[in-house]
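Chemist: need a 3D model of the sequence below.
(2 chains)
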Amino acid sequence: MTTETIQLLSPEGERVDHPQYPLGDEVDIKGMYRDMVLVRRIDTEAVALQRQGELGLWAPLLGQEAAQIGSARALSAKDMAFPSYREHGVAWCRGLDPIRVIELFRGVNQGAWDPEEHKFHLYTIVIGDQTLHATGYAMGIQRDGAEDEAAIVYFGDGATSQGDVSEAFAWASVFNAPVVFFCQNNQFAISAPSERQSRSPIYQRSSGFGFPGVRVDGNDVLACYAVTRQALRAAHEGQGPTLIEAFTYRMGAHTTTDDPTRYRLASELEAWRLRDPIERVRSYLARTGQADSTFFAQVQAEADELAAKLRAATLALPDPLPLELFDHVYAGENAILDAERAQYAAYLETFEEAAR
Amino acid sequence: MTRLTLSRALNEGLRRSLESDPKVMIMGEDVGKLGGVFRVTDGLQKDFGEHRVVDTPLAESGIVGTAIGLALRGYRPVCEIQFDGFVFPATDQIVSQLAKMRYRSRGHVALPIVIRIPFGGGIGAVEHHSESPEVYFAHTAGLRVVACADAADAFTMIQLAIASDDPVIFFEPKRRYWDRGEVDTAAPLTDSLPLTSARTVLPGDDVTLLCYGPLVRTCAEAAIAAREDGRSVEVIDLRSLSPLDMATITASVARTGRCVVAHEAPVYAGLGAEIAARVTEQCFYHLEAPVLRVGGFATPYPAAKAEDHYLPDLDRILDAVDRTFGF
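Modeler: Numbers count the residues shown, from 1 in each chain, chains lettered A, B, ... in the order given. All right, here's what the predicted structure looks like:
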């Protein structure tokens, strides 16, 4: 089997045509450029906030902007996205306020947004679990008879080793579920290179399960958009699942607790810098005269303003109230839990009495 | 009143739920054409279709994981895990996802999923077909854990579990599937005992005997036998293993002053340990004897020809009852 990688915009910013993925003027390239710059700025600010002790942790998306923005901009308002925990760019495209994601990493809650409000499910930290949720959701779409809806699920190269991902592939295939499996192969599961997860290219995994797989240049926002759009169309039209492997590179650490210099060479990072997902769009826009320095300066100013607002909002986040930790465990009654809440409230009350 | 086996009562209960709520679905291995290896779902696929009674691929994590996705879409899946020992591949989805999603979404997400698990021994089965894994789930916040013991309760409890907006792990006593009992299929569900309540099976004055699932019948037989020795044993079927109905338990023990807990699961760190601790805290001045436990040993479930030694039978339960009078 040959390994073809779909590319519509070269690292040098040259537009490349692909017969299977025609792309016309309908694509808002400048909008995608703006999205990528803004989410990279959010990401940079979040890393800084973590370094300053304002966040407990952050999982940087640096380098994966094109994979996330391109795929997420292909979604319709009705399509449902299931993220792992690094999909800040997808969250942005779904209209989720970045402070909701910050809340999780600051530890004031566990990522408590309403998934239905933005058609963006909760972040999932246990690797691969969400692939089954997306598949089940897609089975629900089938049962509802909704023809113009699909689910898309984000996961990484490491997740492909999890049993749940194989089970999701099997389920989606035999039930012909309208789900797109979007694997961001960012080359590393913390320190383990993708060769430790699979000897064959990841996108070829789907053939054994009986559905198509495609590899796309994950640093090419246009290719990610076009390939995802086509996979979603197939799902909408009853053609079942597609696996997309977005071949990209995690330019930052796994999380802010990680030290990637222990497991990879600086030269490798430098090589991938030349394939930067944002720079190639900037080159393309500038060279084709679609954008000038004023546009780029405006976007950068907007990004800085967004980051400043996000920082202020982060510092203003209140800690949760102690007794709130007992809320939302159950929908119905639980006398055991109620007794614990009452007992802890009485205990806290003793401190207030002492302070009076 | 109709006389039904426990298996048939569950089947009738499932049928009611499928009829009353179009979002209810059944999914699992062999639940469709075959009707389940214990025939609990017999005939349901024929009557409700393959979209609502789904024969799944053979993977337990996949069953629970896709059920979560279906619940996110507004469905109420009832999953069947074929045997107790096969639930462990699904444990990650149950413990890490199903149990916690309401909590971490601060109430935005409800997962009204029932996971039915035939449990317990006494059927001469091979390994992994006779276990009692209820405490793993009782220890997990966010799950409700219940066990039915007879046909009448099976009929109502399965419907209440499906109607619950919380995830419910529903244990079925597999060696009692063919026991018959009177079931009032005409009574409205609202009249039935809530899912969170324990039930007094036989009233008594001298000692409280707590049990659930397959041992309810054994304990009732033990209580009747104890009458010959002049002992009045109150048998309580816990029904809800998480949360425990401590109000019913402590009201009984405060009256009898003695308490024995019986379960097939290993005694060590079992549900009896939790009950003993709570009864000691809440009934300390009423107790005439320490709370005693009788159950499985601290061994893996043994080979079938040895299971009669492992399972608490009438005599071992009566022995524990006798010992509470020795203090």
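
Chemist: who's in contact with residue 221?
Modeler: Let's take chain A. Shown in contact with A:V221 (CB atoms under 8 Å, 6 or more residues apart in numbering or on different chains): A:9, A:29, A:32, A:36, A:65-66, A:69-70, A:277, A:281. For glycine as for every other residue, the C-beta is placed from the backbone atoms N, C-alpha and C.

Chemist: wrong one, chain B
Modeler: B:L314.

Chemist: distance check, it against chain A.
Modeler: Per CB to the nearest CB, to the nearest Å, B:E221 is found 30 Å from chain A.

Chemist: element containing that residue?
Modeler: For B:E221, the host element (DSSP states H and E) is helix B:215-227.

Chemist: right, and the helix or strand after that helix?
Modeler: Past helix B:215-227, the next helix or strand by DSSP H and E is strand B:233-237.

Chemist: is chain A contacted by that following strand?
Modeler: No: with CB under 8 Å from any CB of the partner chain as the criterion, chain A is not reached by strand B:233-237; the gap is at least 16.0 Å.

Chemist: who does that strand pair with, and is each partner parallel or antiparallel?
Modeler: Sheet pairing for strand B:233-237, assigned by DSSP bridges, gives strand B:199-202 (antiparallel), strand B:207-211 (parallel).

Chemist: now the first one: buried residues?
Modeler: Across strand B:199-202, burial judged by 16 or more other CB atoms under 10 Å in any protein chain shown covers B:199, B:201-202.

Chemist: report how many residues lie close to B:M101.
Modeler: Neighbourhood size, B:M101 [other CB atoms under 10 Å in any protein chain shown]: 25.

Chemist: that one is in contact with B:G65, isn't it?
Modeler: No: contact criterion CB atoms under 8 Å: B:M101 and B:G65 do not qualify, at 12.0 Å.

Chemist: please enumerate the strands of the stretch 51-200 of chain B.
Modeler: Using DSSP state E, counting those that start in this stretch, the strands of the stretch 51-200 of chain B run over residues B:53-55, B:76-80, B:114-119, B:144-147, B:168-173, B:180-183, B:199-202.

Chemist: is stretch A:236-253 in proximity to chain B?
Modeler: No: Stretch A:236-253 does not reach chain B (CB under 8 Å from any CB); its nearest approach is 12.9 Å.

Chemist: tell me the mean pLDDT over that stretch?
Modeler: Average pLDDT, stretch A:236-253: 97.

Chemist: what about dumping the CA coordinates of it to PDB?
Modeler: Extracted C-alpha coordinates of stretch A:236-253, given in PDB (Å, rounded to 0.1, in the frame of the first residue of the first chain):
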ATOM      1  CA  HIS A 236     -24.300  12.500   6.300                       C
ATOM      2  CA  GLU A 237     -25.100  10.600   3.200                       C
ATOM      3  CA  GLY A 238     -25.200   7.200   4.900                       C
ATOM      4  CA  GLN A 239     -21.800   6.000   3.800                       C
ATOM      5  CA  GLY A 240     -20.600   5.300   7.300                       C
ATOM      6  CA  PRO A 241     -17.300   6.100   9.100                       C
ATOM      7  CA  THR A 242     -14.000   7.400   7.800                       C
ATOM      8  CA  LEU A 243     -10.600   7.500   9.600                       C
ATOM      9  CA  ILE A 244      -8.500  10.600   9.000                       C
ATOM     10  CA  GLU A 245      -4.900  10.600  10.100                       C
ATOM     11  CA  ALA A 246      -3.700  14.200  10.400                       C
ATOM     12  CA  PHE A 247       0.100  13.900  10.200                       C
ATOM     13  CA  THR A 248       1.400  16.700  12.400                       C
ATOM     14  CA  TYR A 249       3.800  17.400  15.100                       C
ATOM     15  CA  ARG A 250       3.400  18.400  18.800                       C
ATOM     16  CA  MET A 251       5.900  21.400  18.900                       C
ATOM     17  CA  GLY A 252       5.400  21.900  22.600                       C
ATOM     18  CA  ALA A 253       5.500  19.600  25.500                       C
END
